[in-house]
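1. Structure, please.
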Amino acid sequence: MRWGHETALIDDEEARRRLVAAAGRCLVARGTTRLTVDDVAREAAVVRSTVYRYFKSRDDLVLGVVLSRIDAGMRPLIETLEAPEDAARSVADLLMFSVGLVAGDPLNEALFAPESGGFVTSLELRSEAVVDAFHRHLGPLLERWRDEGQLRADLDLRETSRWMNTVGLLLLGPPWTERTDEAKREFVEHYVVPGLLPQTAGR
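-> The predicted structure follows:
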C-alpha cells in the first residue's frame, strides 16, 4: 500500500473504508458511468493492485459505497421515526424518508443520477449484501411489529426488507421522479403498506 507512513497501521477494515471513501469522492466528481478503478487508486494514493486486493471490480467498489450509505442513512431514519409503535405509519415514513435522502446529498445524487441509466438500482437489486444491510436495521422493528400482530404472521422478514428496498428504488426512478411527494405517499399508503398488514388491519 502507499498510504504514507501509516501503511503498517492500516488493517483490512480500515483499508476498505478508505477505498470506499475515495470511491465516493470520485463518484461525486465523475459519476457512475465514468468511474474507473484507476480514478479510485489515484484518489486513495495507492496502486491499482491494492484496490483489486479488496474489491474485485468497479462494480464491487460502487457496491461498497452503496452499503456504506445504507448504514449511514438507515440508522438516523429509524431513530427519528415519529410513531415507531405504529407499523403502518412507520413503514410509509421509512419508504418516503429514504427516498428523500437522495435530493440535496451530492453522493446520493451521483449514485441515482438519470445519466447512470439505472446502474446502481440494478446493482442493489442483484445484491444479497444490500438485503442484509437493510435487514440489519429493519429486522428488529419488523420482528417487533409482527410479534405485536401489526404485520402479517406469515411474512419472511428478510424478504420484507428486500421488498421495502425494491419499492424505494422504484420511487427513485421514472415516472415517479416526476411525481409529487404526495402522490408517492398515496401510492405507498394505499397500494404498498396494506400488503404487509393482517387482513383485520387492512384498508
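
2. Tell me how the chain divides into domains.
-> According to automatic domain parsing, the chain comprises the domains 1-56, 59-201.

3. which one's the longest helix in this protein?
-> Assignment by DSSP state H gives helix 58-79 as the longest helix of the chain.

4. quick one: the helices in this protein?
-> Using DSSP H, the helices of the chain run over 12-30, 37-44, 48-54, 58-79, 87-100, 106-111, 119-126, 128-147, 157-171, 181-187.

5. Now do the shortest one: everything it contacts.
-> Read that as helix 106-111. 24, 27-28, 31-32, 62, 65-66, 69, 101-103, 116, 120 (C-beta atoms under 8 Å, 6 or more residues apart in numbering). Where you see a C-beta, it was placed from the backbone N, CA and C, and this is true even at glycine.

6. The spatially most central residue of the chain - nearest residue in space that isn't next to it in sequence?
-> Residue closest to the mean C-alpha point of the chain, counted by C-alpha atoms, centre = their mean, is residue 70 at 3.9 Å. Leaving out its chain neighbours, the residue that sits closest to residue 70 by C-beta to C-beta, 6 or more residues apart in numbering is residue 133, at 4.4 Å.

7. if I look at the residue lying closest to residue 102 once chain neighbours are set aside, how far off is residue 190?
-> Closest residue to residue 102 apart from its sequence neighbours, by C-beta to C-beta, 6+ apart: residue 108 at 4.4 Å. Distance, residue 108 to residue 190, by C-beta to C-beta, to the nearest Å: 27 Å.

8. who's more crowded, the two?
-> residue 108 (20 against 11; other C-beta atoms under 10 Å).

9. so what pLDDT did the more buried one get?
-> Per-residue pLDDT puts residue 108 at 95.

10. related to what we said a few turns ago, pipe the helices of the chain into TSV and attach distance to residue 194 per row.
-> TSV is the format used below for the helices of the chain (distance: least, C-beta to C-beta, whole Å):
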stretch	distance to residue 194
helix 12-30	37
helix 37-44	43
helix 48-54	43
helix 58-79	22
helix 87-100	8
helix 106-111	29
helix 119-126	23
helix 128-147	14
helix 157-171	13
helix 181-187	11
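
11. Could you point out which of the ones you listed sits nearest residue 197?
-> Checking these against residue 197 by C-beta to C-beta gives helix 87-100 as the closest, at 6.2 Å.

12. before we move on, back to that, just the pLDDT at the residue nearest to the centre of the chain, thanks.
-> On the pLDDT scale, residue 70 is placed at 96.

13. buried sites along stretch 48-55?
-> 50-51, 54-55 (16 or more other C-beta atoms under 10 Å).

14. same check, this time on stretch 149-166
-> Quick answer for stretch 149-166 (16+ other C-beta under 10 Å): 150-151, 155, 157-158, 160-165.

15. what sits against the residue nearest to residue 70?
-> Per C-beta under 8 Å, 6+ apart, neighbours of residue 133: 67, 70-71, 74.

16. what's the answer for residue 35, then?
-> Shown in contact with residue 35 (C-beta under 8 Å, 6+ apart): 23, 26-27, 58, 61-62.

17. let's see 6 Å
-> 26-27 (C-beta atoms under 6 Å, 6 or more residues apart in numbering).

18. Give me the pLDDT for it.
-> On pLDDT, residue 35 comes in at 95.
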